[in-house]
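[1] predicted structure and sequence below. I'll ask about it afterward.
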There are 2 protein chains.
Amino acid sequence: MFVTLYLKYYGEKNSGETESPSEPSHNDSPLLWDPWKPCRRPRAFVKERLLRLRVCLGTLCGMEWYAYAALGILTAVLSFLMDFSVSKLLRAHQWLYMKLEGDILLMFLCWTLYPACLCALASSFSHSICPFSTGSGIPEVRAMLAGIEMPHYLSLTNMFTKFVGLICTLAAGSTVFLGKVGPFVHLSTMMGAYLSQLCTLIQHPKEEKAAGEMLVVAAAVGVASCFGTPISGVLFSVEVMSSHFALKHYCPCFFSAACGAVTFRLFSTWSGDEETLQALFKTNFPSALPFYPLEILLFAFLGLLCGAASCCYLLCHRRVLRFTKTWPVLADMLTTQRGLYSGMGVFFLASLTFPHSAGQFMASKYTMKQLLTSLLDSGLWCAQSHNASVPIDPLSEWSPSGTSVWLSLPFFLLMKMWMLVLACTLPLPAGYFMPVFVWGAALGRLLGEGAAYLLMFAGGTSDQQQASINPGGYALAGAAAFSGAVTHTLSPALLAVELTGQFTHAVPVLISTLLANALARAGNRPSFYDALSLSKRLPYLPSLRKAGPRLPSTPIGQVLGEKPVQLQKADGPAEVRRAVSSSTGAQIPVVDSHESQVLLGFVLRSDLLRLLRHRRAESGEKRLDQACCIRPASVLLSPHNTVQQAHTILSLTGAQTLFVVDRGRLLGLVTWPEMKRILEDLAREI
Amino acid sequence: MFVTLYLKYYGEKNSGETESPSEPSHNDSPLLWDPWKPCRRPRAFVKERLLRLRVCLGTLCGMEWYAYAALGILTAVLSFLMDFSVSKLLRAHQWLYMKLEGDILLMFLCWTLYPACLCALASSFSHSICPFSTGSGIPEVRAMLAGIEMPHYLSLTNMFTKFVGLICTLAAGSTVFLGKVGPFVHLSTMMGAYLSQLCTLIQHPKEEKAAGEMLVVAAAVGVASCFGTPISGVLFSVEVMSSHFALKHYCPCFFSAACGAVTFRLFSTWSGDEETLQALFKTNFPSALPFYPLEILLFAFLGLLCGAASCCYLLCHRRVLRFTKTWPVLADMLTTQRGLYSGMGVFFLASLTFPHSAGQFMASKYTMKQLLTSLLDSGLWCAQSHNASVPIDPLSEWSPSGTSVWLSLPFFLLMKMWMLVLACTLPLPAGYFMPVFVWGAALGRLLGEGAAYLLMFAGGTSDQQQASINPGGYALAGAAAFSGAVTHTLSPALLAVELTGQFTHAVPVLISTLLANALARAGNRPSFYDALSLSKRLPYLPSLRKAGPRLPSTPIGQVLGEKPVQLQKADGPAEVRRAVSSSTGAQIPVVDSHESQVLLGFVLRSDLLRLLRHRRAESGEKRLDQACCIRPASVLLSPHNTVQQAHTILSLTGAQTLFVVDRGRLLGLVTWPEMKRILEDLAREI
């Protein structure tokens, strides 16, 4: 904290210097000259050391690389801490539940009230401290990556709230069936934004970097640190961009993701969970003959099945989202009584999954991790229940008391589908990727078991035939395909491979994911995150395009706001002062005269401020073009350019302001705040 | 061929229609009305069928998706055919060499003349048919992906020449030590360009697509079909872009790469090489404990070592490239006597690798594939030679007649380094990635063996200790790190993992590659491909930036060519005719008057042509602004924008022409041909 304060001070000094280079330069230890600050000598001493450290570090590589490494490592530490606390809380619940064995009422209360209280706590806590911390966070991250500024979503308060809230949600276990990825990507971007600020303060003012860079890297780190999967993290970061991925972010993404993944896995190793750096969900698929070439067709069919299922799921999700907004009772409850709503919702879900009621048919005793591990098992369940031999471990929950897996798997799929849709309405910090991943794995498992059973039935019960089809592979492909289809992304294919370390199945998994995506994207339907974006009216162009394909083609001239503050080249100090006080933009356009409106260029607001300060001393009455440098306008747009084009140029060229001119005459400005306003207006039209 | 001809005809008809919609529309079967064309009825019949097929296919998805699938499948077929022919030719050489056993002179002649003749053939053949087919092709592909048009490099003749030439080069075996990837990416782009043309002809004229899209996809397919590695193909395609990767290419890349990889692997399976779809270089690393966490440090050290080695290699390569241009004898020989030079060079290399001379110390009997497989072996060589037990298969060539691997591995590294630099000067169609990959594997192997030996020495010769370090893992990491450092890319890390199917080593491989890249990129040194680009003076901006960091910041106003052809709004038909005949651009700017030079917009050349055609009939004398639609200029640049910015805007907005204006007055145009000229001028300044 002390370092931060110091750095802030130092940064202010630096930025002060850049604004007024003509002022007498500060002494090397300016702290000595601020008599009102305490502990001047120790502070000066620390400052000297820090400066020397900065020089020392700077010789090796740019300061931003240390920030990338720190981002990866810190996010991984957060991830490990979260996993650790969640596993402790889950074990406490299990222990309590086991202790109450015998008394069914107490067991029921323990089973239901524990998650209900946790979720109610998560909901009220996150809402009372930072209302922006609920939900997944990925829609907001996407909008921020597209260039829109949303400072509320990047505050440290939000980070703290989201972290604590997410622990509570995850500790509710597989009852609420929610995950970690989405909020973790959001947490990582908050960490990235904070480190980026810190980095800007430390850096020489010359080498200023856009904060956007750190956000792109943070998106990759979020996924990489969450599961220890660096490469799919980078792919996720490529996919999450709105239109283009800049190659300059590529190496930082990989570097930071590798740091995060290594740290996460090292922590897992050191904490005694694993012997070495391994995949999170290590599987034991046979490697000699992972699958027959003809099974590719079955994997393709699975992809289509997952695509169709994702369409159903997304339709339900969109309906429910609209319902929560239009039904007054629910809408009212979601705005005023969030904690109560969460608690009641989770109580309802938990009472359904109570192991002595319907829960016994959907393996409700398993945590999310155990669910996935059991589904990815390479053994054949149907053969085991068919042969009536002793059920081995993965089966113990899937077919308790001899229930066939043919009953429990479809029941699980059917129930979890609508329960998940219901869980998505809870106002909690929660991720929606992992549940979808597990659901897809169950669907794949069902198909794999079915195919293996048919093959066994057709070819007798020889052992050779039984070994031929590995339902675990189908579960893997189903998980990747369904989660890819729901989110309209392809990175889950690589994520599935990295999570399990099963490279033998990379090709079938990719095929399933591609086909599922093709089906889910047909007809320009919005993805899961698009639906959330549209529901929250976020100013995110690609989502808007899906809701109203013509909206981004609106000519920019039609949606421009009122005439911007502008200066004439012959303006004096009075007009300059008025312009500075009425405009907030960093660049103020200068025209030839108010009648001709011919754009000459722009002046920097900081230049004008300096000019005004000096004038007070000189009291000269120079004209603007004599006293101040008029910079040439960079990129000009015509009013016929579309909003889409303006957005692309704004985000890709790094220009702060685009000037819209018609035959040399200024019509308006497009800046990021203006673009945000335009997009929000467009979102309102849907 | 008939289909192509038909489609060309149909395409011309279509484009004719779009140009002149006012003309009376053609009959449904226009072929019936062309009396000079033969076989009218069968042609009309075929056309009807084809039209129906197109409608049928079009209902499922856009025509371009079929083209993507075809691209993947055809490239994979090419790749398989090439591997097949090369393996036959290599086996023929081996057979001949074995038959001559006993007569050392004949053996020497067989060993040296076979590859020398093949390479001389490849060189003269490729030069006489299409001189653009020599070299790797990746520098040219990068320039084309950046938007520069280079039609010579995409012709079908070039494809044929490169295919045949590459087979000859590869059949020369590990003697010349050259690979397949680079030319294959080039082959794939040629195939993509051809399919893109075909697709444009078939498609409805409305849904025209930029040909660039197919090239990006083709880059991914090239790598994916070459090795059956879809995901690293896509990563390669992301990396090979100059500044931004457009997200709209992401799914096509994955789809096409998956098609290519599956086809390639299915062919390998069907041809009997493998039982199922597996990695090309399947390894047998132990999966229980692949490596200790502390070995990460050793992998990091290996990365730094590879980075340093790559700097040496790149320095030698740049020196030799300059030498071949400045030394008159060599420069003369490379322009006139290419076949002779290649033959002599390969003869020299082959005589060095002759197994009865120095070749016995560098495993020269192995092909490239066998070299890599032997290096990736998980057994410990030093233990085997140490224990003087019977050498198993991978050792048989690395330590023939009891030579220690401590002699043969360093000797291999030392000799192959300069031999590879020499081989890079040969004017052949050849890839330079695979040899670098193998060299890196050897370096990694050496380090791994050394570490294992030290550990064994320190801890006695217990079996537990021997099993602890797997030198194959180091070979894998070394291969990825060295090839990544030489090419300044990170995709080799994933490629190494996909090639071997060893996901257990993904994290160490990534760390090595990152560190090697960091060292190789320090100081803004050009990569291998950058050196080739600069040597060939290709108009590729990122390479130019490395040679002269200030060049891309040149203001566009300074490098603009002469005043473009322009029209006044009051111009009559005579001026229009003059403008059309003197300009070749698709968009001709219109100014208010030649004196004021205020830009009003542009007219399309096709509009003007139609106008002139109609005028002949009407003989009216309308002014331009009355007779023709003046379209508003889209994106305007100021003369102070840099070349870099202009390049970015041109490639990202998809605009054909950028107008450079100063206060509304037209200064010049920036089109792709103009940009090419500007970049070539800049390249000449270095």
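    Sure thing, it's come through.

[2] near chain B, which residues of the stretch 501-650 of chain A show up?
    Applying Cβ under 8 Å from any Cβ of the partner chain, we find that the stretch 501-650 of chain A lies next to chain B at A:501-504, A:506-507, A:510-511, A:514, A:517-518, A:522, A:592, A:598-600, A:632-641, A:645, A:648-649. C-betas here are computed from N, CA, C, even on glycine.

[3] which among the residues you listed end up buried?
    A:501-504, A:506-507, A:510-511, A:514, A:517-518, A:592, A:598-600, A:632-638, A:640-641, A:645, A:648-649 (16 or more other Cβ atoms under 10 Å in any protein chain shown).

[4] before we move on, back to that, inside helices: which ones of the residues of the stretch 501-650 of chain A next to chain B?
    A:506-507, A:510-511, A:514, A:517-518, A:645, A:648-649 (DSSP state H).

[5] list the residues that contact residue A:663.
    For residue A:663, the contact set (Cβ atoms under 8 Å, 6 or more residues apart in numbering or on different chains) comprises B:592, B:598-600, B:664.

[6] repeat that for 6 Å
    B:598, B:664 (Cβ atoms under 6 Å, 6 or more residues apart in numbering or on different chains).

[7] any idea how far it is from residue B:661?
    10 Å (Cβ to Cβ, to the nearest Å).

[8] same deal with residue A:267?
    Distance from residue A:267 to residue B:661, counting by Cβ to Cβ: 58 Å.

[9] more neighbours: which of those two?
    Set residue A:267 next to residue B:661 and count neighbours by other Cβ atoms under 10 Å in any protein chain shown: residue B:661 wins out with 24 against 18.

[10] dump the ones in helices among the residues of the stretch 501-650 of chain A next to chain B to JSON lines, plus pLDDT.
    Listed next are these as JSON lines, based on pLDDT from 0 to 100:
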{"residue": "A:506", "pLDDT": "88"}
{"residue": "A:507", "pLDDT": "89"}
{"residue": "A:510", "pLDDT": "94"}
{"residue": "A:511", "pLDDT": "94"}
{"residue": "A:514", "pLDDT": "95"}
{"residue": "A:517", "pLDDT": "94"}
{"residue": "A:518", "pLDDT": "93"}
{"residue": "A:645", "pLDDT": "84"}
{"residue": "A:648", "pLDDT": "84"}
{"residue": "A:649", "pLDDT": "83"}
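
[11] what is the nearest of the residues you listed to residue A:353?
    Nearest to residue A:353 out of these is residue A:517 (Cβ to Cβ; 30.8 Å).

[12] the closest one touches residue A:484, doesn't it?
    Yes: using Cβ atoms under 6 Å, residue A:517 and residue A:484 qualify as a contacting pair, with a distance of 5.5 Å.

[13] for the residue in chain A that chain B sits nearest to, give me phi and psi.
    Closest to chain B within chain A is residue A:664: 2.0 Å, counting by Cβ to the nearest Cβ. Backbone torsions of residue A:664, given as degrees, to the nearest 10, read phi 90, psi -10.

[14] can you tell me which residues contact it?
    A:598, B:598, B:663-664.

[15] quick check: next helix or strand after the helix or strand of chain A with the lowest mean pLDDT?
    Every helix and strand of chain A was ranked by mean pLDDT, DSSP states H and E. The lowest is helix A:2-19, at a mean of 40. The C-terminal neighbour of helix A:2-19 among helices and strands, as given by DSSP states H and E, is helix A:40-60.

[16] ok now the very next helix or strand once past that following helix, how far from the chain's centre?
    Downstream of helix A:40-60, the first helix or strand assigned by DSSP H and E is helix A:63-99. Put simply, helix A:63-99 sits 17 Å off its chain's centre (Cα atoms, centre = their mean, to the nearest Å).

[17] what is helix A:63-99 packed up against?
    Helices and strands touching helix A:63-99, by 3 or more Cβ pairs under 6 Å, 6 or more residues apart in numbering or on different chains; DSSP states H and E, are helix A:104-129, helix A:156-171, helix A:181-202, helix A:211-227, helix A:250-270.

[18] what angle do it and helix A:181-202 make?
    Interaxial angle, helix A:63-99 versus helix A:181-202 (axes from the mean of the first three to the mean of the last three Cα atoms, to 10 degrees): 150 degrees.

[19] what comes up buried for helix A:63-99?
    For helix A:63-99, by 16+ other Cβ under 10 Å, it's A:63-76, A:78-80, A:82-83, A:85-87, A:89-90, A:93, A:97.

[20] would you mind giving the contacts of residue A:664 as JSON lines with distance to residue B:243 and pLDDT added?
    Formatted as JSON lines, the contacts of residue A:664 follow (distance: Cβ to Cβ, whole Å; pLDDT from 0 to 100):
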{"residue": "A:598", "distance to residue B:243": "33", "pLDDT": "80"}
{"residue": "B:598", "distance to residue B:243": "33", "pLDDT": "80"}
{"residue": "B:663", "distance to residue B:243": "29", "pLDDT": "75"}
{"residue": "B:664", "distance to residue B:243": "30", "pLDDT": "76"}
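
[21] ok, now which ones touch residue A:239?
    A:489, A:491.

[22] got the angle between the host helix or strand of it and helix A:181-202?
    Per DSSP H and E: residue A:239 is located in helix A:230-240. Relative orientation of helix A:230-240 versus helix A:181-202 (the same axes, to 10 degrees): 90 degrees.

[23] following helix A:230-240, which helix or strand comes up?
    Counting by DSSP H and E, what follows helix A:230-240 is strand A:244-246.

[24] where does chain A have low pLDDT?
    For chain A, the stretches flagged by pLDDT under 70 are A:1-36, A:204-211, A:273-277, A:383-395, A:401-402, A:459-467, A:615-621.

[25] how does it divide up, domain by domain?
    A:2-60, A:64-270, A:551-685 (automatic domain parsing).

[26] for residue B:316, find the nearest of the ones you listed.
    Closest to residue B:316 of these, according to Cβ to Cβ: domain A:64-270, at 25.0 Å.

[27] what's the first-to-last distance across the closest one?
    Using Cα to Cα, to the nearest Å, one end of domain A:64-270 lies 29 Å from the other.

[28] over to stretch A:549-556?
    16 Å.

[29] what do you get for stretch A:489-509?
    Per Cα to Cα, stretch A:489-509 runs 13 Å from first to last residue.

[30] now tell me what touches that stretch from outside.
    Stretch A:489-509 has contacts (Cβ under 6 Å, 6+ apart) with A:227, A:229, A:232, A:235-236, A:239, A:279-283, A:285, A:287, A:290, A:299, A:473, A:476-477, A:479-480, A:483-484, A:510, A:513, B:231, B:254, B:262, B:277, B:501, B:503.
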